[in-house]
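got a predicted structure here, sequence first:
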2 protein chains.
Amino acid sequence: MLSAPSNAAVLDALAALLGERGLITGSDTEPYCVDWRGLFRGRALAVARPASTTEVAAVVKLCAAHGVPVVPQGGNTGMVGGGVPTETGRELILSLSRMNRIRAVDPVDMSLVAEAGVPLQTAQEAAAVVGCLLPVSIGSEGSAQIGGIISTNAGGNNTVRYGNTRDLVLGLEVVLPDGSVWNGLRRLRKDNTGYCLRQLFAGAEGTLGVITAAVMKLVARPAVLGTAFCALPSAEAALAVFDRFQRRDAAGIQVFEYMSRRSVGLVTELIEGVGRAVETDAGHYLLIELGSINRDGNPSAVLEEVLADGFEAGLVLDAAIAQNEAQRRAIWRLREEHTEAQKRAGASLKNDVSVPVSRIPEFLARATAACEAAMPGIRVAPFGHIGDGNIHFNLVQPETMAPKDFAAESDRLMEIVNDVVVDLGGSFSAEHGIGRLKTHVLVARREAVELDLMRRIKAAIDPAGILNPGRILDH
Amino acid sequence: MLSAPSNAAVLDALAALLGERGLITGSDTEPYCVDWRGLFRGRALAVARPASTTEVAAVVKLCAAHGVPVVPQGGNTGMVGGGVPTETGRELILSLSRMNRIRAVDPVDMSLVAEAGVPLQTAQEAAAVVGCLLPVSIGSEGSAQIGGIISTNAGGNNTVRYGNTRDLVLGLEVVLPDGSVWNGLRRLRKDNTGYCLRQLFAGAEGTLGVITAAVMKLVARPAVLGTAFCALPSAEAALAVFDRFQRRDAAGIQVFEYMSRRSVGLVTELIEGVGRAVETDAGHYLLIELGSINRDGNPSAVLEEVLADGFEAGLVLDAAIAQNEAQRRAIWRLREEHTEAQKRAGASLKNDVSVPVSRIPEFLARATAACEAAMPGIRVAPFGHIGDGNIHFNLVQPETMAPKDFAAESDRLMEIVNDVVVDLGGSFSAEHGIGRLKTHVLVARREAVELDLMRRIKAAIDPAGILNPGRILDH
C-alpha cells in the first residue's frame, strides 16, 4: 500500500473524471454501505458510478496510484459481504450499475453480450425475445447484476441442468488492478489459446479484476413446463427418484429441489396463504420441474409416469402435479417462502454447503444429529438444490431462546456442520462464496498448498492489493 | 534455472527413486521423443514412469532441485508438440502411463475418478458399465489419456452437446512445480471457496502442474441413436438446419459435423470402400447424430421430420438416415477418413480455427477466396465441428506441386487464414492448443495485456520454469 492518500485530492480527481452523476459522497453513500440483510455495514470514501469501461479503467488507475482500495459492487445482493466496504472509510465503492447496456443478443451464436451492470432479469428478458434462455435462476434476479453473478459464480435453481454461472461464461472484459483492460470478450465455443483467464475472474469476487462486460451462453428455451411436488419417506428415496428422472429425461430436468418436513412446516405455519401441496405429512419433499423445448413434449406426463413408478416402488408417498399456472405458482411458493418463513421463526443460521450427491442422506442424518445434540430444541430446517448436492442446512433458534443468545452460538454451530461436511468431502460454501463472512473458514478448512496457490495468484495479478482486499483471502 | 545439472547424478537419483520399471534411458527413450505425426522430434535425458502421485511428486521435486525441465506426457497424441522434448536432451519426459487406475465410478454422483494415465477409452468403458457416458469423443481416444485430454482441454465430436473437456472436470489432483501436491479431487457440483484452480490447470498443457488424477462429470447415456448424412446448397443452409435442430431437440444433438465438397470428395476418391452416402453432389454436407436417453425415444424420426421440413424449405438437397449399424458405420467413415484422405492427397496444412457460429459462412467464403488467390491450384478442404464454430480449415497442396515447396509456404498460408479468423473475432487454435507449434502465433495475435496476465500466472506458479518450459509461452 502507498502512503495514506489525501481523500480530498482523490475525491476531486474522481469528480473531474466522472462528473456529478458519476460520484456519490457523504451520507448519500450509506445505502451502498450495507448489505440487503443488514449483516454487513461499513463506510466508504465515496461511490464511483462510471458509465463506460474507459471510465472504470480510469477510476481503478487513479485508485491504484493513490493506494485507495476499490470495492466493486453490483446489485448488492450477495450473502457474504463481499461487496460492502469495511469500517475504515478508506475504500471506494465502484458501482457498475450505470454500465447497463446489452451490447448484443444472437440466437444463432446462442449468446448475449451484456455490460456488468445489466440486471439478471433484464438479460433473461433479452434472451427470451429471441426465443432463448439465460439459465441462471436465483431469488434476487430482479436486482442481481451480470457482473455480480459472474464474480460470485451464482448457483440457483437451474444449476442441476445448466451448471453454475461460470459454465455459461464464454468471454469477459475485465479492468485489471493497474487500470489496464483485458479484452477477452470472445463469442467462441472453443478457444485453446493459453490459460483460461475468464475462469480465473469468474468467482473471484472482484479480488482480481473488475468485470465490465461478458458474453453469456444461451440455451434453447423450454416451450412447455411441468411442475410436481411430492412427499417421500427418506432422503435416500429422494436420490432414487432423482436417479429415475436422470435416466428417463435428464435433459428435461429444470429444477430438482429438496425440502425437509421442518422447513416446509415453517412455511405453511408462518406464511399466510401458502397451503400444503400434498395431504401426506412426510419427512422429505421434492419440487421437480421438467421442461420440453418441443411444443409437442409433455413434461407433466413424464412427471406422472416416473412418480407413479416411484409410488409403486415405495419411493414416493404422495404427489401433486400442477394442472395450471395457479397451481404451479402455489407449489413454487412453498419453496420460495423458505427464507421469509425462517426469518419469522426467529434468529437463524444459514449454512450453504455441498457434498457429493450420493452423500446427501448421510450428511442430513449426521449434521441433524450433531446440531440437536449441541443445542436441545434447535430447529434444523434444511432445504435446497439436492440435484447439485447443495443443501441450505439452515438452523432456526429454539422457540424459547433469545435471538441474541442463539446468534452468539452461530460460529460454534457452523463449525459443527462444517465438520460433517468436510468429513464427507464437501464444501462449506457451495454457492454463496467467501466474501468477508468466511475468510477465517477458508484458512481453517483448506490445505496450505491450496491457500498458497490462491495467494500467489492474487499477488501476481494484484500485487498492491487494490481490489477488494480482505475478501476471499484475509491477507 | 540452476546451474547445469550433472546428468549422471540426476539419473542415479531417479533410478533409486523409481526402480527399473520406472525409468527408461538411452535409445529406448526414442519412441517418447517424437509425436505421432512425426512433426516434432527431440531428445530426452530419460523417461520417468512413476506409478503413484507420491512418485510423481518426488520426481518433480528432484528435477526442481537440479534445474531439470520436466515434460509431462500422456498418450502422446497431441497435435502441437506440447508433450515432445526439445533437441537439447536436457528435458526429462514424465510419462503418466503407469498411473492407470480408475479409483471410483459413481452413477449417483455421476462422476468418475481416474488417474492421469487412464486411456480415455478405458474411462469411457468404465462409465458405460454403470449406464453413464463420459462425453469426450476424439479420434485418438484409444491412446489419449485422461491427464492429457484435460491438460489440452480436448474438444471433439460431442462438444456441441456436452462442452469441452474442461467443462467435465469437477476436481483435480496436481503435482506443482516444487513437488508439492494440490489435492483438489472434489466430487462436488458446487463449490465457491476461492479461485477456480482446476480451470487454471485444465488446458495449461502441463506448464503449471502435472495432473495426476481427476474427477470427471458423467452424463446420462443415450439408449438410442439416429444418424443422418445430408447435402446442402450453402453454409448458410447448414446453420439454418442447425438452428432447426436446436429448437426441435437441442438436448438430443450428439454430433453436428460439417464437410465441404472437396473434403468429402478426397475421401470417396482416395479411401477404398468408402462410398457416397447421398447421390446429390453438393457444396456442403452435414453428419448429424441425435440421441435419446429414453428407450422409447425415436431420434431417427426426429431427423426425418426436421430434414424433411428443411427439404421443403430448400435448405436440404438430399439426405440419408442410417437404418442399421452398418449404414451408420458407413456414414461415419465419410467423416473419420478425412485425415487419412488428406494425407494421401499430398502435403497438407491443418488450420484448427474457430469463429462465432454465426460467422461460419463468411469465414468459409473469405478464407477460401484468400487461399485460392494466394496459391492457384490449392485444394481448400474444410470440415469440422460447425455446431461449435470450429472448422478444420485444411489446405491440401496443388496436385502438381512438390510437397516440400508446399510445406515451405505453410506459415504464409496459416497467417492468411488467421487474418480472416481474427478479423471475425475467432481463435487460431480452437481445440488443438499452442504447444510448441503456435507459441509465435500466440505472441503475434494476442494483446499485450493478455500475454502479460499469462506470464504473471506462469511466473507465480512455476517461477523456476521447471514444467514444460517454452510450451504455450515461449519465454
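All right, it came through fine. Since this is a predicted model, take the numbers as computed values, not measurements.

can you tell me the closest non-neighbouring residue to the residue most central in space within chain A?
In chain A, the C-alpha nearest the mean C-alpha coordinate belongs to A:Ala154, at 3.5 Å (Cα atoms, centre = their mean). Closest residue to A:Ala154 apart from its sequence neighbours, by Cβ to Cβ, 6 or more residues apart in numbering or on different chains: A:Thr165 at 4.6 Å. All C-beta atoms are positioned from the backbone trio N, CA, C, and that covers glycine.

what does the stretch 51-200 of chain A put close to chain B?
A:106-111, A:131, A:152-153, A:155, A:159-160, A:163-164, A:166-167, A:176, A:180-184, A:186-197, A:199-200 (Cβ under 8 Å from any Cβ of the partner chain).

tell me which of those residues fall in helices.
Among those, the members falling in helices (DSSP state H) are A:Thr159, A:Val160, A:Leu197, A:Gln199, A:Leu200.

mind pulling the model confidence for the closest residue to the first one other than its chain neighbours?
Counting by Cβ to Cβ, 6+ apart, A:Thr159 lies nearest to A:Asp388, which is 5.1 Å off, once chain neighbours are set aside. A:Asp388 is assigned a pLDDT of 96 by the prediction.

ramachandran angles for A:Asp388?
The phi/psi pair for A:Asp388 (degrees, to the nearest 10) reads phi -100, psi 0.

contacting residues around the residue nearest to A:Ala154?
A:Val136, A:Ile149, A:Ile150, A:Thr152, A:Asn153, A:Ala154, A:Gly155, A:Ala202 (Cβ atoms under 8 Å, 6 or more residues apart in numbering or on different chains).

nearest spatial neighbour of the second one, skipping sequence neighbours?
It refers to A:Ile149. Sequence neighbours aside, A:Thr165 is the residue nearest to A:Ile149 in space, at 5.0 Å (criterion: Cβ to Cβ, 6+ apart).

identify the bridge partners of A:Gly291.
Beta-bridge pairing for A:Gly291 (DSSP bridges): A:Leu225.

count of neighbours near it?
Residues near A:Gly291, counting by other Cβ atoms under 10 Å in any protein chain shown, number 25.

same question for A:Leu18.
Quick note: A:Leu18 (other Cβ under 10 Å) scores 20 neighbours.

check which residues of stretch A:262-270 are buried.
A:Arg262, A:Ser263, A:Val264, A:Gly265, A:Leu266, A:Val267 (16 or more other Cβ atoms under 10 Å in any protein chain shown).

show the pLDDT at the closest residue to chain B within chain A.
Going by Cβ to the nearest Cβ, chain B is nearest to A:Ala251 of chain A, at 3.1 Å. pLDDT for A:Ala251: 94.

repeat for A:Gly194
Value for A:Gly194, per-residue pLDDT: 98.

quick one, phi psi at the nearest residue to A:Met110 once chain neighbours are set aside?
In space, A:Met110 comes closest to A:Leu218 once its chain neighbours are excluded; the distance is 4.5 Å by Cβ to Cβ, 6+ apart. When read as degrees, to the nearest 10, the backbone of A:Leu218 gives phi -110, psi 160.
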